[in-house]
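A.B. asks: just a sequence and a predicted model for now, questions to come.
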Amino acid sequence: MDLPVDEWKSYLFQKWSLLPKSIQVTISTAETLSDIFLHSSSLLRSEDEMFLKRLSSGYLVAKDPNALLFYREEGNKKFQEKDYMGATVLYSKGVSHSRPNTEDISLCYANRSAALFHLCQYETCLKDIIRAQTHGYPERLQPKMMLRKAECLVALRRLQEASQTISDLECNLTARPTLAASQFQILQRALGRLKRKVQEKENRTETFPASLTKAFEDMDLREENERISRASSSVRLCTDPLKGRYLIATKDIVPGELLVREDAFVSVLNPGEMPPLRHGLEGMWDTRVTNGDLYCHRCLRHTLATVPCDGCSYAKYCSQECMQQAWDLYHSIECSLGGLLLTLGVFCHIALRSTLIARFEDVDKVIRKLCGEISNKDICLPENKALVQTLSDDLGGESEKNGETVEAPIPGCDINGKYENNYNAVFNLLPHTENHSPEHKFLCALSVSALCRQLDAASLQTPTAGLKSQPKAALARSLCQELHIWGVAMLRHMLQLQCNAQAITTIQQTGSKENVITNSRQVRLATGIFPVVSLLNHSCSPNTSVSFISTVATIRASEKIGKGQEIFHCYGPHESRMGVAERQQKLRSQYFFDCYCTACQNEKHRRTAGPRWEAFCCSHCRALMQGDDVLSCDNASCTEAVSRDHLVSRLQDLQQQVGMARKLLRNSKLERAIQLLLGCQHDAESFLSAEHSVVGAIEDALAQAYAALGDWQKSATHLQKSLQVVEVRHGPSSVEMGHELFKLAQIFFNGFAIPEALNTIQKAEKVLLVHYGPRNDEIQELQKMKSYLLDLPPIPAGPSV
């Protein structure tokens, strides 16, 4: 997904292995990215490009009228089955294969509006009705769609517009009586019903709940940092020869305080599980739902009604405005390369998009920067040599003014020492060229080279072409020269991304729609570059929490941070998710450093016993078991001993049983699931610690099963046991604890346990506000529940005994 598909990787790794040793050494010892790119790209042959072209052709990214008909028919089947969500997605797939301003696309939009209406998505339904009309929806079908429009307007209490729509529809029916008598009577009855609805709503005064409180709004960026864009004035940028750039607190910071709110410089939606490469016509069109079907490819907003690119079937957006912005910024060049970019992976796609976006900054400065990086006399034109030196002076390196040495700016800052979210900051992220393996650099260089050849072959404009702000000298450069410059830039970005890419995540609900309790999981939605977020160093026990709204990353303090203390972010390996040895290995292999954070230091000095959420217990006295290959009871008066392999085998069997029970839950076989889970619970008590993660999973599954049966008391009892495990593993103020408290609040709310619900809502709000701020969906839901409970009339007290 991040790197090219396995077939292309295997192909290039084999090509590398067959290269003469002298060429391997030349590439391995190359001192500059330009040399790596030049030597590698000279080895790209026509047969390599043909192989890559065959791989790319397997992705159906062009518009196909046969696919349009297939998806519309499949959508109609789902609609008839009353699976309106499934129908909506399939109609969207059909829309993506439609050409603009055709009856086909108008029919798909109209059908999707019908499905959205049944999902009570009235605003979105109205937008699709407008789209259908804009693209030429047939006049003969207009009455039914206009009736739907009127119903949406009534539901939204836009009564004046609804009355006008009804009036217009009546006039049209009178002026052009083309409908059959039976259809005319049905429409007349529907219009009469709608008129009555409008009158009822006009005569009824409805009260709306007060707007939700905006707690923690004062935690927004009250004062933006003068030296770091998108950061709070509570932080300061520092640099150190050993650990590079980092942020420290300029004052005492409280939990929940917003420290960074940064929009991605560039982001690319993760395609998700793509359909298998096509071999023949069977299974050509895929009906599976991926991220690309549900999220805008530019702003990453969730949407059920995507607007497709006019030129390809892959890129989809939440609105016409997003589609146009994407086209202007980068998609006009990416559009014809969809299959190639999916084959080359997300990192290569981000590398290309970064250079395309760079066109809209100071293009000459960018070109000079790239020439300076290349340091190649054959590429840097003579007239640019002075400019390259000027750029070098602008971007760093000690210089002399009036005979005095001036301290070099921090890399990525401008000449005034300000660090901004721009291409200069992105370019100065470290590529760690010396740490990547020669094979990896060869893979990246040839992938970028193949992309550049496609740009050249397609006669596309170069990244500096067509901009009004650029001087004639820039336009005079040859296509070949500019593609080399931007190729080196793309190679740099591909190598940067291993250490500097930020996964953009979202919280998705899981489980079947019948589930009463909302289960959620964090999923990776996209990959982006955030220059300011990249300034934070890693800790396995960070003092911040990161969340995302669309393409915007927000970093909040998750605990108190004292003035002068460093601000840390977790790069992935967290102390609550893996042991110190595994964390160290992952950080070393991906980020090229050894972690000496407090969590790692403390864990290294502990006894050899693992964390409690992985611990085994004695079957006789319930004390913890200690040891390596053979575990002994920690209780001095107990002589129990057992092999680790035996306990691990039992644990694996138990996990398999829990998995079977979860499958029964998903299939609504609740009684069988509960029976199996209770057996798992009894088995777990005989050899697992009470805080073991599998014990928590069993209790959580039991809570779900009893909630589905409406037994709220038992559900709450089991979920409270699960909470104890979560607290031990992740901590009482962790985001994981917040999600579990949210589930418990739902159970108490549905069970009408008012004091318990209000108490749990307060706890959940307190935790989630620290990590997410007030705009989080779960916080909004908690506040709605609280508002409802507080508005209930007091329950009369019973007679005193």
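C.D. replies: That came through fine. Since the model is a prediction, treat every value here as computed from it, not as a measurement.
A.B. asks: tell me which stretches of the stretch 301-450 of the chain form strands.
C.D. replies: Along the stretch 301-450 of the chain, the stretches classed as strands by DSSP state E, counting those that start in this stretch are 307-308, 316-317, 399-401, 404-406.
A.B. asks: for the second one, what is the distance to the chain centroid?
C.D. replies: If I follow you right, that is strand 316-317. 15 Å (Cα atoms, centre = their mean, to the nearest Å).
A.B. asks: ok, it: who's next to it in the sheet?
C.D. replies: Sheet pairing for strand 316-317, assigned by DSSP bridges, gives strand 307-308 (antiparallel).
A.B. asks: can you tell me what sits against the partner strand?
C.D. replies: With contacts defined as Cβ atoms under 8 Å, 6 or more residues apart in numbering, strand 307-308 is touched by 95-98, 131, 315-320, 322-323. Yep, even glycine has a C-beta here, placed from its N, CA and C like the rest.
A.B. asks: now, among those residues, which is nearest to Arg729?
C.D. replies: Set against Arg729, the nearest of those by Cβ to Cβ is Cys318 (36.9 Å).
A.B. asks: and the closest one, what does it touch?
C.D. replies: Cys318 touches Cys296, Arg298, Cys299, Arg301, Thr303, Thr306, Val307, counting by Cβ under 8 Å, 6+ apart.
A.B. asks: burial measure for Glu575, as a count.
C.D. replies: 23 (other Cβ atoms under 10 Å).
A.B. asks: ugh, typo on my part, it should be Asp83
C.D. replies: Counted with other Cβ under 10 Å, the neighbours of Asp83 add up to 16.
A.B. asks: Provide the backbone phi and psi angles at it.
C.D. replies: With angles defined as degrees, to the nearest 10, Asp83 sits at phi -90, psi 80.
A.B. asks: hang on, the earlier thing: now, which of the contacts of strand 307-308 sits nearest Val767?
C.D. replies: Nearest to Val767 among those, with distances taken as Cβ to Cβ, is Cys318, at 30.5 Å.
A.B. asks: nearest spatial neighbour of that closest one, skipping sequence neighbours?
C.D. replies: Cys296 (3.8 Å; Cβ to Cβ, 6 or more residues apart in numbering).
A.B. asks: contacts for stretch 15-23 next, please.
C.D. replies: Stretch 15-23 has contacts (Cβ under 8 Å, 6+ apart) with Gln24, His39, Leu43, Asp48, Pro438, Glu439, Phe442, Leu443, Leu446.
A.B. asks: ok, Asp310 touching Ser98?
C.D. replies: No. The pair Asp310 and Ser98 fails to qualify as a contact (Cβ atoms under 8 Å) at a distance of 9.6 Å.
A.B. asks: neighbour count: the two, which is higher?
C.D. replies: Legend: neighbour count by other Cβ under 10 Å for Asp310 and Ser98, higher for Ser98 (25 against 15).
A.B. asks: before we move on, what SS does Ser576 have?
C.D. replies: Using DSSP: H, G, I helix; E, B strand; the rest coil, the structure places Ser576 in coil.
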